[in-house]
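# Build me a model:
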Amino acid sequence: MILPCGWENTELLIALCKGTPEITGMINSSTYSSVTPLMVAKIRNQKKMVQIMTKLTKMGNIKLELPAVDDSTPETQYNINVDSETFLAKLSQKNQEENILNDKIQRKPHKNSGYEDLGEICTTKSANGKDIVCKILLTRTDLQYGSCGFHNYYRIELIKRKGVELYVLFTNWGRIGDPIGQYQRTPFSSFADANKEFCSIFKAKTGNEFTDIENFVEKPNRYKLLQVDHSVPQNIAELEIQLKPSRVLSMDDSKIVYWLINDISNVKRLQQRTRMVSNYNRLQVPFGRLSRNDILSAHAILVKLKNMTDELDRMRKNMKPVDEILVLLRKQAALSNEFYRLVPLGGFESLSLPIIDNDPVIKEYEKTIEDLLEFEIAGKLVTAAYEKKSTVDPFLYIKDALECEIELLDVEDTMTQFILQYIQNSSHSRIMGIFSLKSRHSNKQFNGNSLNVKDHVYLWHGTKPENLLSILKFGLVASPSSALQTGQIFGQVALGEVEEVQNVYQIHTEEKKSYDTLKINGDNAPDPLYNLTLEDGIRIPIGQVNRCAAKEGRLGYGTGVSYNEYIVSDKSHVTVRYLVAFR
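Next up, the predicted model:
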């Protein structure tokens with residue numbers, strides 16, 4: 001029950017002590033050994049066994065101290081941000097010198113103008129004498145405007161028709177996500193008159209002078225300027241990057257980690273995934289041109305909205321005064337308004353723009369933010385590695401920059417056998433390799449926040465290869481929308497206080513409670529009798545997967561999920577420990 005494997009069969013221990021009372025006295029006796037069974041259970045961090053043993057022997061509580069996860073992986077020798085910015089700056093300079101993007105993109109009128117091939121965008125002088133292109137895209141969001149809210153774009157372009165002295169002021173406006181909207185084309189015979197009207201409209205919409213656009217200041221109840229540097233295609237999907245090994249390497253065990261980095265850094269796959277995410281999330285600005293600060297600010301707003309939703313539920317339940325509830329509702333609307341301003345989402349062309357006031361919507365937008373952040377990290381790593389390719393192999397650069405020690409486990413390693421048994425019990429997948437991981441950032445965060453949280457367990461996290469750069473660098477983004485389920489990453493999770501629901505539909509109907517982890521009981525689960533507690537106190541479920549008996553609270557035959565899912569709200573309670581590569 002304790003040695004050699006920590007099955008922690010407390011029911012058997014209780015039965016033995018009940019049938020043979022002498023065994024109770026042996027629990028804390030060192031007659032036949034220098035250490036007692038209770039001491040062994042404590043040393044091996046078998047919490048359940050220690051609790052039963054102390055109860056049977058009527059001893060006081062014994063506190064267990066879980067060992068820290070190894071966070072000794074050295075810091076990277078490279079400055080990823082500087083190297084990535086250097087690459088983009090060089091690309092910008094090259095594009096400006098060759099006038100490739102300025103001529104083909106920045107000076108090209110919008111297709112709705114009717115002058116896409118017949119005209120070009122005019123330029124004018126700024127207050128400090130610099131040339132500025134008369135091509136502007138504005139956005140404005142106001143949830144409380146009218147019945148559907150205000151979620152609009154406004155495009156202004158000053159176009160000169162090729163070959164003649166004709167200037168056209170093109171204005172195009174509509175709901176964000178509407179590809180056509182409404183538009184107006186106003187002809188002028190002189191540039192001065194056209195430019196005067198262009199500047200007048202810009203000031204009316206934004207409250208700023210166009211000639212001082214470099215010092216643009218957002219004004220209340222006015223349009224926001226979407227600043228796009230057309231000379232810098234910051235979206236990884238727009239860049240022509242090829243990462244190649246500096247030399248030909250054989251595919252043997254000593255190089256398998258190198259080839260793993262090569263695979264997860266596949267630029268074409270990253271680009272394809274980036275485009276798909278951008279389309280799925282209906283982003284109405286070029287993906288990658290939202291600033292990281294805006295993304296992080298949007299994430300912080302979602303956290304506030306989640307807390308606000310919970311608070312409103314409590315206020316309604318406790319019959320708080322209507323005036324107090326209205327104050328919070330106004331704050332909720334203002335925060336929703338700010339979120340849509342930071343992340344211009346389409347899909348509301350003919351729909352009311354919703355206030356973000358419920359868990360499903362919050363979770364959907366959290367996933368959007370998570371995708372944006374993950375690809376921002378991957379883009380920096382890839383562009384930084386490309387910048388340094390002349391002095392260091394790009395895949396060795398990425399390996400060092402990840403600050404994550406990756407080691408191929410031997411097939412005879414005990415942990416390898418446990419993981420293989422875990423996999424065999426639930427699937428018949430073929431395994432290429434199992435890697436141990438020591439993520440510097442993730443492990444430090446885990447050690448600082450989770451060692452005193454009870455019930456540590458190994459769980460799977462489903463992911464795609466193109467997400468691994470972000471995961472290995474910073475760990476899992478374990479927001480409420482991120483469920484840990486069968487996949488590739490095998491991580492240590494500090495479950496803490498667990499709230500169980502019997503089906504996926506109860507997540508949004510159960511009364512709000514305080515817990516660290518929400519467990520959704522699936523239709524199938526490993527036999528808990530064979531849960532094994534390792535020496536470091538982490539539990540690994542290696543029992544045969546069986547069909548679960550029906551429980552009270554389930555709707556119909558199934559639960560909505562095939563296997564147990566754990567939703568961990570605090571990402572510092574999760575750290576990646578192993579990576580399984582499937583064939």
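# Okay, strands next: where are they in the stretch 151-300 of the chain?
167-175, 182-188, 224-225 (DSSP state E, counting those that start in this stretch).
# among the ones you listed, which is the most enclosed?
strand 167-175 (a mean of 21; mean count of other CB atoms under 10 Å). The way it works is simple: take the backbone N, C-alpha and C, and place the C-beta from them, glycine included.
# How far does it sit from its chain's centre?
Using CA atoms, centre = their mean, to the nearest Å, the mean C-alpha position of strand 167-175 is found 37 Å from that of the whole chain.
# if we look at that strand, which residues are touching it?
Contact with strand 167-175 is made by 109-110, 112-113, 115, 119, 122, 151-161, 180-191, 193-194, 197-198, 201, 348-350, as judged by CB atoms under 8 Å, 6 or more residues apart in numbering.
# now stretch 320-334
By CB under 8 Å, 6+ apart, stretch 320-334 touches 143, 144, 305, 308, 309, 311, 312, 315, 316, 355, 356, 357.
# what do you get for stretch 200-209?
Stretch 200-209 has contacts (CB under 8 Å, 6+ apart) with 127, 136, 138, 154, 156, 169, 171, 199, 210, 216-217, 219, 222-225.
# just those now: which is nearest residue 12?
residue 224 (66.2 Å; CB to CB).
# Tell me the spacing between that closest one and residue 44.
According to CB to CB, to the nearest Å, residue 224 stands 59 Å off from residue 44.
# Same check on residue 471?
Using CB to CB, residue 471 is found at 30 Å from residue 44.
# Give me the more crowded residue out of the two.
Per other CB atoms under 10 Å, whichever of residue 471 and residue 44 has more neighbours is residue 471, with 25 against 19.
# my guess is that one contacts residue 574, does it?
No: with contacts counted by CB atoms under 8 Å, residue 471 stays clear of residue 574, the gap being 10.4 Å.
# The residue nearest the centre of the chain in helix, strand or coil?
Note on the chain: the residue nearest the mean C-alpha position is residue 370, at 2.5 Å, using CA atoms, centre = their mean. Recorded secondary structure, residue 370: helix (DSSP: H, G, I helix; E, B strand; the rest coil).
# what's the answer for residue 493, then?
Going by three-state DSSP: residue 493 is strand.
# Now for residue 436: which residues touch it?
Residue 436 neighbours (CB under 8 Å, 6+ apart): 405, 406, 407, 409, 415, 577, 578.
# which one of those residues has the most neighbours?
Comparing the contacts of residue 436 by number of neighbours (other CB under 10 Å), residue 577 comes first, having 23 neighbours.
# can I assume it sits in a strand?
Yes: under three-state DSSP, residue 577 sits within a strand.
# ranges for the helices of the stretch 101-250 of the chain?
191-206 (DSSP state H, counting those that start in this stretch).
# Below-threshold pLDDT in it: ranges please.
101-106, 142-151, 177, 227-239, 247-250 (pLDDT under 70).
# give me phi/psi at residue 53?
Main-chain torsions, residue 53, degrees, to the nearest 10: phi -60, psi -40.
# Burial check on it, number of neighbours?
The tally of other residues near residue 53 (other CB under 10 Å) stands at 25.
# from memory it sits against residue 39, does it?
No: if you go by CB under 8 Å, residue 53 and residue 39 don't touch, sitting 9.9 Å apart.
# Against residue 125, how distant is residue 42?
Going from residue 42 to residue 125 by CB to CB gives 78 Å.
# of these two, who's got more company?
Between residue 42 and residue 125, residue 42 has the larger neighbour count (other CB under 10 Å), namely 20 against 11.
# Only the buried residues of the host helix or strand of that one, if you could.
Assigned by DSSP states H and E, residue 42 belongs to helix 37-43. Across helix 37-43, burial judged by 16 or more other CB atoms under 10 Å covers 37, 38, 39, 40, 41, 42.
# ok, back up a step: of all the strands of the stretch 151-300 of the chain, which one is nearest residue 64?
Once the strands of the stretch 151-300 of the chain are compared by CB to CB, strand 224-225 is nearest, at 53.4 Å.
# and that closest one, what does it pack onto?
Under the contact definition 3 or more CB pairs under 8 Å, 6 or more residues apart in numbering; DSSP states H and E, strand 224-225 sits against strand 135-142.
# Which residue, other than its chain neighbours, is closest to residue 403?
Take residue 403 and drop its neighbours on the chain: the residue closest to it by CB to CB, 6 or more residues apart in numbering is residue 440, 4.1 Å away.
# need the contact list for the one you found.
Here residue 440 is in contact with 71, 73, 74, 75, 403, 404 (CB under 8 Å, 6+ apart).
# Sketch out the helices for the stretch 401-550 of the chain, chain order is fine.
Going by DSSP H, counting those that start in this stretch, the stretch 401-550 of the chain shows helices at 414-424, 440-449, 468-474.
# What mean pLDDT does the second one get?
What it means is helix 440-449. Averaging pLDDT along helix 440-449 gives 91.
# before we move on, what about the shortest one?
Averaging the model's pLDDT scores along helix 468-474 yields 89.
# in which helix or strand would I find residue 566?
Assigned by DSSP H and E, residue 566 falls within strand 565-568.
# Output the contacting helices and strands for that strand.
If you count contacts as 3+ CB pairs under 8 Å, 6+ apart, strand 565-568 packs onto strand 483-484, strand 517-520.
# next one: that strand to chain centre, how far?
15 Å.
# export it as CSV, just CAs?
Output in CSV follows, covering the C-alpha atoms of strand 565-568 (Å, rounded to 0.1, in the frame of the first residue of the first chain):
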residue,chain,number,x,y,z
GLU,A,565,-12.3,17.4,-17.9
TYR,A,566,-10.7,19.8,-15.4
ILE,A,567,-11.1,23.6,-15.9
VAL,A,568,-8.3,25.3,-13.9
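# Tell me which strands it pairs with, and in which orientation.
If you go by DSSP bridges, strand 565-568 pairs up with strand 483-484 (antiparallel), strand 517-520 (antiparallel).
# Which strand residues bridge residue 182?
Residue 182 has these beta-bridge partners by DSSP bridges: residue 173.
# can you check the one 5 residues further on too?
Bridge pairing for residue 187 (DSSP bridges) gives the partners residue 168.
# element containing the nearest residue to residue 308 once chain neighbours are set aside?
The spatial neighbour of residue 308 that comes closest, neighbours along the chain excluded (CB to CB, 6+ apart), is residue 332 at 5.3 Å. Assessed by DSSP H and E, residue 332 sits inside helix 322-342.
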